[in-house]
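quick one, what's the 3D model for this:
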Amino acid sequence: MSGPGMDATPVTRVRDLRVRYGTTEVIHGITFDVHRGEILGVIGPAQSGKTSLLRCLNRTLEFTPGGHSEGLIEVDGEDVRRTRDVYALRRKIGMVAPLPVGLPLSIYDNVAFAPRAAGLTRRAALDDLVERCLTQAALWDEVKGRLDSLGTKLSGGQQQRLTIARALSHQPTILCLDEFSIAIDPVTTMRIEDVLKQLKAEMTIVLVTNLTQQARRLADRTMFMLEGSIVELAPSEQVFSATPADQRTFDYVNGTFG
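Numbering: from 1, shown residues only. Presented below is the predicted three-dimensional model:
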């Protein structure tokens with residue numbers, strides 16, 4: 001099923017993905033597609049494998065001692081586990097962590113850092129990119145008069161939006177967010193949700209969230225993971241209906257467990 005602005009072409013294909021840390025397997029052979037132009041919500045209780053899944057997409061799993069994956073993950077037809085240019089892959093897949101991680105640089109340089117590292121040096125082009133990304137992250141109006149200020153001096157909600165702007169500076173194909181609202185207030189959360197609704201016109205979004213109602217509000221489709229397996233993946237209206245395909249889905253989204 002496709003929503004507005006979404007087509008059935010998979011931007012990401014995952015086949016029989018298994019993830020383990022040392023001898024402990026945390027994802028057990030999952031298979032799914034992510035459609036181009038959709039917001040895919042990923043929900044489930046702690047230790048379901050949600051964050052490990054995101055780490056596989058841009059190969060940050062390999063930074064974790066003992067982390068190992070098997071199976072196929074393709075992004076735009078490229079096997080991410082076999083790519084020769086992992087840095088190009090990570091530019092293609094923007095990541096936003098649960099807690100804002102600001103670089104000890106100015107607001108401007110936080111956003112310009114990755115483009116400069118990729119070879120963009122013209123000041124006018126950088127200025128345009130910084131303004132565009134901060135605008136997309138709903139932060140420009142609040143900081144445009146103090147771009148030389150340290151990004152780490154912003155409020156928590158502003159720092160999280162700066163993190164989103166920094167992820168957007170790569171001009172990613174896919175934007176992955178891992179419980180982005182865990183440490184910010186409800187008003188800022190709603191502002192970022194509005195941003196994500198607009199961004200889906202330009203990119204695919206994978207949203208891991210511990211807030212089931214957030215997935216219900218934002219996601220075209222929702223995937224419910226439990227203990228490293230996919231219980232259900234369906235249009236969100238089905239997952240959050242009175243009759244999802246699996247009783248465990250109904251129990252989780254209605255707070256019976258998790």
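
show me where the stretch 101-250 of the chain has strands.
Applying DSSP state E, counting those that start in this stretch to the stretch 101-250 of the chain gives strands spanning 174-178, 204-208, 221-226, 229-235.

show me what the residue nearest the centre of the chain is bridged to.
Central residue of the chain (Cα atoms, centre = their mean): C176, 1.3 Å from the mean position. In this entry, C176 is beta-bridged to M95, V206, by DSSP bridges.

surely it is in contact with V96?
Yes - shown here, C176 and V96 form a contact pair, counting by Cβ atoms under 8 Å, at 7.0 Å. Every residue, glycine included, has its C-beta placed from N, CA and C.

distance-wise, check A46 relative to V208.
12 Å (Cβ to Cβ, to the nearest Å).

settle it for me: which of the two has more neighbours?
V208 (24 against 8; other Cβ atoms under 10 Å).

where does pLDDT dip in this protein?
1-8, 258 (pLDDT under 70).

can we see that at 50?
Residue ranges of the chain with pLDDT under 50: 1-2.

for it, what spans make up the helices?
50-57, 86-92, 107-117, 123-136, 140-143, 156-168, 186-199, 212-218, 236-239, 247-253 (DSSP state H).

what does the fifth one rub up against?
By Cβ atoms under 8 Å, 6 or more residues apart in numbering, the list of residues contacting helix 140-143 from outside reads 107, 131, 134, 149, 154, 158.

give me the number of residues near the third one?
This points to L134. For L134, using other Cβ under 10 Å, the count is 27.
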